[in-house]
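*Asks:* got a sequence here, can you model it:
(one chain, ligands or ions: 2)
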Amino acid sequence: MTATAPEIHRGLAGVVVDTTEISTVIQETNSLTYRGYPVQDLAARRRFEEVAYLLWYGELPDERQLAGFKARERALRPLDRTTSELLARLPETCHPMDVLRTAVSYFGAEDPTEDDDSPAANRAKSLTLLAKLPTVVAADQRRRRGLAPIPPDPGLGYAENFFHMCFGSVPDPDVVRCFDISLTLYAEHSFNASTFTARVVTSTLSDLYSAVTAAIGALKGPLHGGANEAVMHMLTEIGDPQRAEQWLDEALAAKRKIMGFGHRVYKYGDSRVPIMQDALDRLVARAADPDVTRKAALHAALRHAMLSRKGIHPNLDYPAGLAYHLMGFDTPAFTPIFVMSRITGWTAHITEQLGHNALIRPLAAYDGPGQRPVPSDA
Ligand SMILES: CC(=O)SCCNC(=O)CCNC(=O)[C@H](O)C(C)(C)COP(=O)(O)OP(=O)(O)OC[C@H]1O[C@@H](n2cnc3c(N)ncnc32)[C@H](O)[C@@H]1OP(=O)(O)O
Ligand SMILES: O=C([O-])CC(=O)C(=O)O
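*Replies:* Numbers count the residues shown, from 1 in each chain. Ligands and ions are numbered 1, 2, ... in the order given. Take a look at the predicted model:
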C-alpha cells in the first residue's frame, strides 16, 4: 500500500491554525476590524491610546477608564539609568531594531515578575512596554544624530510625546493626527508573521518579553515590517518621477521584490492604504514644498506603474514609509515606530494564546537522504 503524500502548505499560506477574537479582515468588504470595529472608523474618531485599550480589554474605554489608562502609561515612560547606559553602549552601526530587541530583552531580565504569566502580570508588562518603547526609539534616533535624549513629558499624549522626545517640539495638530492614525492602522493584523512568532514562543509557556523579543526579530525583515524603511530606500534609489517606469521594468526583470507592494491576505488592495494615503496627501499638501511634491509624484508614479505592469497594489508600508519621512523621522526609525504600535496587537495575542494554549508544533514532510549507516571513523 502506498502512503498518500501529505499536502504541503509552504509559508502556511491559506492555513487556518486557530481562532482569534482580536481582529479580522472581512473579505467581502475588504475591511479590517479590531474587536468588531472598522479600523477606518477607529482611525477617524479615536486616538491610539483608546485603540490600545480596546485591543487589550475588548471594549473601548469610558472617560474614567481612559483617564486611568493614560495616567498609568505616562508614569511608566522614563527609562532607568542602567537601561539608558546599556542602550547607549550599543554600537551605532547596529540597526535601531537591534536596539529595541535588546531593550525588550533587558526589560525582561530586570523584571522579577518575568515568569509570572497571569493576565494581571502580563497586562502590567504590556503597558510598561507600550510606555517605554517610544522613549527607547526617540533616544536612539537622537543618539545617532549626536544629540542628548529628551525626557518624556507626562503632560503630552502618546503621539505628541514621541515628537517631543525626538525633536524637542510638537508639530501642528494635523501632523500629530496623521502620525496617530498610522499608529492605529499598524496596531494589529491577526496572524501576521511577527504576531504568529509571538504566539509560537508563548505556546511553549515562555515569558512575554521573550515572545516580544522574537516578534521584533520577525518584524525587522523587509518582507514584513522592514518594508516601510525599504520603501524609502527604494524611492531614494529611483530619485526622479520620470525614472519610475524604467526603474520598475528593470527591477522586475531582475526579479526584485518591489517594497511596499503585495500582501499575503489582501489581493485587491490593503484595506488600510486609502486611510494612510489620505493622511500622506494631507502632509504633502501642507508642506507646499517642491521637493516634497516631487517625492509624492514619484511615489504616485511607481504605484501606477506597479498596478499597470503587475496588477499588484501597495500595502500599508508604502504610504507609511513616505509619511514618516515627511514627518522628519530618520529612515531606520520607521520599523521601530511600527513596533511602538504593534506592541499592542502582539501582547493582545500573547494573552489570547495563554487563554487557550496549545503548543504550536507543525509537521514537515521529510525529503532528505534515506536512512544510512554511519561510516566508521576515518
Ligand atoms: C505590514 C506588512 O508586513 S505588509 C508586507 C510588507 N512587505 C513588502 O512590502 C515586501 C514586498 N512584498 C512581498 O514580498 C510579497 O508581496 C509578500 C511577502 C508581502 C507576500 O508574499 P506572498 O503572499 O508569499 O505572495 P507571493 O510572493 O507568492 O506573490 C505572488 C506573486 O506576486 C509577485 N509579487 C508579490 N509581491 C511582489 C512585489 N512586492 N514585487 C514583485 N512581485 C511581487 C510574486 O513574485 C509572485 O509572482 P509569481 O506568481 O510570478 O511568482
Ligand atoms: O498581515 C500581514 O501579513 C502583514 C501585515 O500587513 C501586518 O502585519 O500589518
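*Asks:* switch to C-alpha atoms for all contacts and neighbour counts from now on
*Replies:* Fine.
*Asks:* apart from its chain neighbours, what residue comes closest to the spatially most central residue of the chain?
*Replies:* When C-alpha atoms, centre = their mean is applied to the chain, the residue found nearest the centroid is residue 338 (3.3 Å). Spatial nearest neighbour of residue 338, excluding adjacent residues (C-alpha to C-alpha, 6 or more residues apart in numbering): residue 186 at 6.3 Å.
*Asks:* mind listing the strands for this protein?
*Replies:* 23-26, 31-34, 37-38 (DSSP state E).
*Asks:* alpha carbons of the second one, as PDB, please.
*Replies:* The one in question is strand 31-34. The C-alpha trace of strand 31-34 is given here as PDB (Å, rounded to 0.1, in the frame of the first residue of the first chain):
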ATOM      1  CA  SER A  31     -12.400  45.900   5.700                       C
ATOM      2  CA  LEU A  32     -10.300  45.300   8.800                       C
ATOM      3  CA  THR A  33     -12.000  45.300  12.200                       C
ATOM      4  CA  TYR A  34     -10.500  45.400  15.700                       C
END
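*Asks:* roughly how far is it from the heart of the chain?
*Replies:* Here strand 31-34 shows a centroid-to-chain-centroid distance of 16 Å under the convention C-alpha atoms, centre = their mean, to the nearest Å.
*Asks:* adjacent strands (with direction) for it?
*Replies:* strand 23-26 (antiparallel), strand 37-38 (antiparallel) (DSSP bridges).
*Asks:* just to revisit the earlier point, ranking the strands of the chain by burial, who's on top?
*Replies:* Of all the strands of the chain, strand 31-34 has the most neighbours on average by mean count of other C-alpha atoms under 10 Å, namely a mean of 21.
*Asks:* quick check: the residue nearest to residue 338 touching residue 344?
*Replies:* No: in this structure residue 186 lies outside contact range of residue 344 using C-alpha atoms under 8 Å: 9.6 Å.
*Asks:* before we move on, the earlier item: who are the contact partners of the residue nearest to residue 338?
*Replies:* Residues near residue 186 by C-alpha atoms under 8 Å, 6 or more residues apart in numbering: 338, 341, 342.
*Asks:* do the same with residue 285
*Replies:* Contacts here follow C-alpha under 8 Å, 6+ apart; on that basis residue 285 touches nothing.
*Asks:* for ligand 2, see how far away it is.
*Replies:* Distance of residue 285 to ligand 2, computed by C-alpha to the nearest ligand atom, to the nearest Å: 26 Å.
*Asks:* cool, residue 331 as well?
*Replies:* Distance, residue 331 to ligand 2, using C-alpha to the nearest ligand atom: 18 Å.
*Asks:* distance of that residue from residue 272?
*Replies:* 21 Å (C-alpha to C-alpha, to the nearest Å).
*Asks:* what's the answer for residue 28, then?
*Replies:* 15 Å.
*Asks:* what about these two, which has more around it?
*Replies:* Using other C-alpha atoms under 10 Å as the criterion, residue 28 and residue 272 rank with residue 272 on top: 22 against 6.
*Asks:* thinking that one is in contact with residue 40, fair?
*Replies:* Yes: the pair residue 272 / residue 40 is scored as a contact, 7.4 Å apart, by C-alpha under 8 Å.
*Asks:* identify the residues contacting the residue of the stretch 251-378 of the chain found nearest ligand 2.
*Replies:* As assessed by C-alpha to the nearest ligand atom, ligand 2 sits closest to residue 264 within the stretch 251-378 of the chain, at 5.5 Å. Residue 264 makes contact with residue 13 under the criterion C-alpha under 8 Å, 6+ apart.
*Asks:* in whichever helix in the chain runs longest, what counts as buried?
*Replies:* Counting by DSSP state H, the longest helix found in the chain is helix 119-144. By neighbour count with 16 or more other C-alpha atoms under 10 Å, helix 119-144 contains the buried residues 122-123, 125-142.
*Asks:* rewinding a little: what about the strands paired with strand 31-34, which gets the closest to ligand 2?
*Replies:* strand 23-26 (9.5 Å).
*Asks:* and the closest one, what's its mean pLDDT?
*Replies:* What strand 23-26 shows for mean pLDDT is 94.
*Asks:* what about the helices in the stretch 51-200 of the chain?
*Replies:* 63-75, 81-88, 96-109, 119-144, 158-167, 173-186, 193-203 (DSSP state H, counting those that start in this stretch).
*Asks:* quick check: angle from the fifth one to helix 173-186?
*Replies:* If I follow you right, that is helix 158-167. 110 degrees (axes from the mean of the first three to the mean of the last three C-alpha atoms, to 10 degrees).
*Asks:* name the helices or strands packed onto helix 158-167?
*Replies:* When contacts are defined as 3 or more C-alpha pairs under 8 Å, 6 or more residues apart in numbering; DSSP states H and E, helix 158-167 packs onto helix 119-144, helix 173-186.
*Asks:* can you put these in TSV and add mean pLDDT?
*Replies:* As requested, the helices and strands packed on helix 158-167 are exported to TSV (pLDDT from 0 to 100):
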stretch	mean pLDDT
helix 119-144	97
helix 173-186	98
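*Asks:* looking at the contacts of residue 186, which are in helices?
*Replies:* Those of these mapping onto helices are 338, 341, 342, per DSSP H.
*Asks:* gap between the first one and ligand 1?
*Replies:* Read that as residue 338. Distance, residue 338 to ligand 1, by C-alpha to the nearest ligand atom: 9 Å.
*Asks:* for that residue, give me the pLDDT.
*Replies:* pLDDT recorded at residue 338 is 98.
*Asks:* roughly how far apart are it and residue 32?
*Replies:* 18 Å.
*Asks:* quick one: residues contacting the nearest residue to residue 43 once chain neighbours are set aside.
*Replies:* Distances taken as C-alpha to C-alpha, 6+ apart put residue 181 closest to residue 43, at 5.3 Å, once the chain neighbours are dropped. For residue 181, the contact set (C-alpha under 8 Å, 6+ apart) comprises 43, 44, 47, 48, 276, 279.
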